[in-house]
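# A predicted structure for the sequence below; I have some questions about it.
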Amino acid sequence: MSDFQIKTAPTVYDVIIIGSGAGGGMAAYELTKAGAKVCLLEAGQHFDPADPEYVTQLKWPYQSPRRGAGTRYRPFGDFDAAYGGWDIEGEPYTTKGDTKFRWFRSRMLGGRTNHWGRISLRFGPQDFKRRSIDGLGEDWPIGYEDVAPFYDDVDRLIGVFGSKENLPNDPDSVFLPPPKPRLHEMMLQQGNKRLGITTIPSRLSILTKPINDERGVCFYCNQCNRACVAYADFSSSSCLCKPASKTKNMDTIYFAMAREVLTDAQTGLATGVSYVDTRTLEEKTVRGKIVILAASACESARLLLNSKSARFPEGLANSSGVVGKYLHDSTGASRGAIVPKLFDRKRYNEDGVGGLHIYSPWWLDNKKLDFPRGYHIEYWGGMGMPAYGFGWGIENTNGMFPDRNGLKREAGGFGASLKDDYRRFYGSYIGMAGRGEAVAREDNYCEIDPEKVDKFGIPVLRFNYTWSDYERLQAKHMHETFEQIIHEMGGIPLGDKPTAEQDYGLNLPGEIIHEVGTVRMGSDPKTSALNKWQQAHDVKNLFVVDAGPFVSQGDKNCTWTILALSMRASRHIVTERKAGKL
Amino acid sequence: MKRRDLLKGISLSSLGLVGLNPQVQAAEIFDPIPASEPDKKDPVFEQFGRTAYEKARDAKLFAEQFFNKHEMQTITVLVDIIIPRDARSGSASDAGVPDFLEFMVKDKPELQTPLRGGLTWLDNQSKKRFANNFIDLSDAERLALVEDMAYPERKKPGMGHGVAFFSLMRNLTASGFWSSKMGIEDIGYQGNTPNQWDGPPEEVIRQYGF
């Protein structure tokens, strides 16, 4: 019978953490520093951007045979650091009815923090109390004042640049100096000032000054998405998992795809995690006194829903039935433009940091608008490194402008004049994207597909998701604003403004990769899965520290709040444990 | 100046630190900029942070051949019509665009039918109008055909397929040319190297009236 025995490691860990992204990395960091013996389960492989084997930073496009084009495995380009993508072989997900949901996953140490834009925004006081403001969704069981000290500590531990602005709902961090704006960003700032659209230095977790001797400083190559050899940007792998491992208090198990959280039938407490070794398909078990889920909002909901037992027939921590529900992603809409006054620009290195140097936090009052929640605007442009896609669609642009001699010419073309057009237009394209808050709804949810399993035999997620007019009208407003911004800075919008039939250009849900809300916290165990410490109401030694616990999204990116809340929950665990309550 | 020296320079000069460890480590890792574009058979091509899965997939793609000799010849003529040699740089084929296209159709199979079909369509048109394959036409004959495909707004009846094919060829040619070493030098991209960003140069700020 030994062939069928599930392998169980002899160690009983103090804590098992599932997932090594922002939430899991922070929990690993805090708990190992506090002396806990931790087991970190990661579904993907090891990754260290300073190991030459993994380095893509400062490579040239022609070192890639596809010149940096995206692949199924690296959809954001051949040099992007994140392994996985929207469509992972053998790891499907399904949708129901008209739902079009896209789910981005990274299978590697650090998870999706290896890909993101390093935009590190605090939620503001209003973001925790939206129901009190507009009657929609739910208030969080905590407020800004509960999270603020942890935001401060995250700022100091990880580093974020920005400027002190004293805005009411976009609290300042403990900032490093921000980089100066690029030329097109100066133009945008100037135009937006006339329009009354707040536009300030961006807030990114990139080191413009040294903060410790473990990490280097930014050398302005614009390639944070490739992961930094000098650890000058934040990723969970470099900044949290690596120091956690150094304490010798942590074992990291790679290629470990969690199947379910195991519980004791008598006490109902979590006792460990069963997982599949993705290389051998072997079934294994690891035991621990506390289990922390940090597998991402949707993956953690999936794990809980798949952890069924006689005692927990609806899945673990789900007596309320809310697990999987209230799923919401940030809204997104974007527009590109060309700026004739930037034609034939003087060439210089304007790479800057990996991303925007300016952004526009939400500047209006929703009480005076026909949609309830705000959005921020991100900008791009400049003399970037050519790669696959360079100059694509020039036939839609070059006919709009007379040639160098002032003569009208036809769109498209070929030969010497076409070749010259590329040079002339280089660095004169800009673009912008809105990232907004969607309203959390019970009827937007993920559930276990009743039939389909992945290649590990684990039942997969099925998504049910629609946008409502709250989001559509917000996207409409975004596009109207984009055109104002473009005209005011002297640009010409490219393409057409999307119509109502096109949902005003809203990205598909999931595409912004800010899924939150599937294991939400609250004071009432009937309407929430977790308490205000992200501890399961039903299972006191089970915690969730990814974006699953979020009650609402905010018009901010979620990573900085995941980090602050994971730090808060982890320190609570240490306190409770020392007090003998856990 | 080599990148490792630039990086060390940043740690030494602007930070006032003798050796910030990760910075020095980074400097050791970055190789000097390759002197030329790597040959596709050279293992150097794989040395840009590939996982085992990617190495195997790329090796498989390189081992396959999609376009036949005639198609490659036609592509070579066509890409050089789109981006010819001029005073500043070489032509698309000088920059290796035909080989890039051969790789891309295997990497993105959705390109195979539009490109193979487009090339066949082009030869068919060439034969109808000038009784020869495209590559065997005179310069004037080729030009007459290309003129009919290169301007989407002319909407010449029956040329829609040619226009769509030519637009795709134009876009792929631009991708391949401008992302080559030759193209990057021509366009004047100055980055991909350690530096200290301090805003646009003074003269640029003045030029735009800030």
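Cool, the structure landed. These numbers were taken from a predicted model, which means no experiment stands behind them.
# List the residues that contact residue A:547.
Residues in contact with residue A:547 (C-beta atoms under 8 Å, 6 or more residues apart in numbering or on different chains) are A:23, A:296-297, A:514-517, A:558, A:561-562. C-beta here means a position set from N, CA and C on the backbone, and glycine is covered the same way.
# Ok, residue A:427 next?
Residue A:427 makes contacts with A:342, A:345, A:347, A:350, A:381-384, as judged by C-beta under 8 Å, 6+ apart.
# quick one: pLDDT of it?
Note for residue A:427: predicted pLDDT of 97.
# what about it, distance to residue A:188?
15 Å (C-beta to C-beta, to the nearest Å).
# I'd like the contacts of residue A:547 as JSON lines, with pLDDT, neighbour count and secondary structure appended.
Below are the contacts of residue A:547 laid out as JSON lines (pLDDT from 0 to 100; neighbours: other C-beta atoms under 10 Å in any protein chain shown; DSSP: H, G, I helix; E, B strand; the rest coil):
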{"residue": "A:23", "pLDDT": "98", "neighbour count": "39", "secondary structure": "helix"}
{"residue": "A:296", "pLDDT": "98", "neighbour count": "29", "secondary structure": "coil"}
{"residue": "A:297", "pLDDT": "98", "neighbour count": "30", "secondary structure": "helix"}
{"residue": "A:514", "pLDDT": "98", "neighbour count": "24", "secondary structure": "coil"}
{"residue": "A:515", "pLDDT": "98", "neighbour count": "29", "secondary structure": "coil"}
{"residue": "A:516", "pLDDT": "98", "neighbour count": "28", "secondary structure": "strand"}
{"residue": "A:517", "pLDDT": "98", "neighbour count": "30", "secondary structure": "coil"}
{"residue": "A:558", "pLDDT": "97", "neighbour count": "27", "secondary structure": "coil"}
{"residue": "A:561", "pLDDT": "98", "neighbour count": "27", "secondary structure": "helix"}
{"residue": "A:562", "pLDDT": "98", "neighbour count": "29", "secondary structure": "helix"}
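# how about TSV for those, with distance to residue A:467 added?
Output for these, formatted as TSV (distance: C-beta to C-beta, whole Å):
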residue	distance to residue A:467
A:23	26
A:296	21
A:297	18
A:514	14
A:515	14
A:516	16
A:517	15
A:558	19
A:561	23
A:562	24
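# of the residues you listed, closest to chain B?
Relative to chain B, the closest of those is residue A:296; by C-beta to the nearest C-beta it sits at 20.8 Å.
# got a list of what the closest residue to that closest one other than its chain neighbours touches?
Of all residues not flanking residue A:296 in the chain, residue A:546 sits nearest, at 5.3 Å (C-beta to C-beta, 6 or more residues apart in numbering or on different chains). Residue A:546 is in contact with A:19, A:21-24, A:293-297, A:299-300, A:562, A:566, counting by C-beta under 8 Å, 6+ apart.
# make it 6 Å
If a contact means C-beta atoms under 6 Å, 6 or more residues apart in numbering or on different chains, then residue A:546 has A:23, A:294, A:296-297, A:300 as its contacts.
# In the chain, where is pLDDT below threshold?
Using chain A. Scanning chain A with the threshold set as pLDDT under 70 gives A:1-5.
# Chain B is the one I meant
B:1-46.
# go with 80
Residue ranges of chain B with pLDDT under 80: B:1-47.
# Going along the chain, name the helices of it.
B:3-9, B:21-29, B:52-63, B:69-82, B:97-107, B:112-130, B:139-149, B:160-178, B:181-187, B:202-207 (DSSP state H).
# For the shortest one, buried residues please.
Applying a neighbour-count criterion of 16 or more other C-beta atoms under 10 Å in any protein chain shown, one finds residue B:204 buried in helix B:202-207.
# Contacts made by that helix with the rest, please.
Under C-beta under 6 Å, 6+ apart, the answer for helix B:202-207 is residue A:346.
# Send me that helix as PDB with only the CA atoms.
Provided in PDB are the C-alpha atoms of helix B:202-207 (Å, rounded to 0.1, in the frame of the first residue of the first chain):
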ATOM      1  CA  GLU B 202      18.600  72.400 -20.300                       C
ATOM      2  CA  GLU B 203      18.500  73.300 -24.000                       C
ATOM      3  CA  VAL B 204      15.400  71.000 -24.500                       C
ATOM      4  CA  ILE B 205      13.600  72.600 -21.600                       C
ATOM      5  CA  ARG B 206      14.300  76.000 -23.100                       C
ATOM      6  CA  GLN B 207      13.300  74.800 -26.600                       C
END
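# what distance separates it from the middle of the whole chain?
32 Å (C-alpha atoms, centre = their mean, to the nearest Å).
# circling back to that earlier point, in a markdown table, list the helices of chain B along with distance to residue A:306.
Output for these, formatted as a markdown table (distance: least, C-beta to C-beta, whole Å):
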| stretch | distance to residue A:306 |
| --- | --- |
| helix B:3-9 | 47 |
| helix B:21-29 | 40 |
| helix B:52-63 | 27 |
| helix B:69-82 | 51 |
| helix B:97-107 | 36 |
| helix B:112-130 | 40 |
| helix B:139-149 | 55 |
| helix B:160-178 | 43 |
| helix B:181-187 | 49 |
| helix B:202-207 | 57 |
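# Ok, which of these comes nearest residue A:575?
Proximity to residue A:575 (C-beta to C-beta) singles out helix B:21-29 among the helices of chain B, at 33.2 Å.
# Can stretch A:109-122 be said to contact chain B?
No - among the residues of stretch A:109-122, none lie within reach of chain B under C-beta under 6 Å from any C-beta of the partner chain; the closest is 11.6 Å away.
# Now do the buried residues in stretch B:188-205.
In stretch B:188-205, counting by 16+ other C-beta under 10 Å, buried: B:189, B:191-195, B:197, B:199-200, B:204.
# try stretch A:262-279
Here stretch A:262-279 shows A:262-263, A:268, A:270-278 as buried, counting by 16+ other C-beta under 10 Å.
# ok, the residue most central in space within chain B - contacts?
The residue lying closest to the centre of chain B (C-alpha atoms, centre = their mean) is residue B:176, at 1.5 Å. Residues in contact with residue B:176, defined by C-beta under 6 Å, 6+ apart, are B:97, B:100.
# Look up how far residue A:342 lies from it.
Residue B:176 is 25 Å from residue A:342, by C-beta to C-beta.
# Contact residues of the stretch 101-250 of chain A facing chain B?
Counting by C-beta under 6 Å from any C-beta, the stretch 101-250 of chain A sits next to chain B at A:179-180, A:183, A:186, A:213, A:215-216, A:219-220, A:229-231.
# so can I have CSV of those showing distance to residue A:59 and neighbour count?
What follows is these, written out as CSV (distance: C-beta to C-beta, whole Å; neighbours: other C-beta atoms under 10 Å in any protein chain shown):
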residue, distance to residue A:59, neighbour count
A:179, 23, 22
A:180, 27, 15
A:183, 26, 25
A:186, 30, 20
A:213, 27, 11
A:215, 22, 24
A:216, 19, 28
A:219, 15, 27
A:220, 17, 24
A:229, 11, 30
A:230, 15, 30
A:231, 18, 26
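# mind putting those residues in TSV, secondary structure included?
Shown next, in TSV, are those (DSSP: H, G, I helix; E, B strand; the rest coil):
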residue	secondary structure
A:179	coil
A:180	coil
A:183	helix
A:186	helix
A:213	coil
A:215	coil
A:216	coil
A:219	coil
A:220	coil
A:229	coil
A:230	coil
A:231	coil
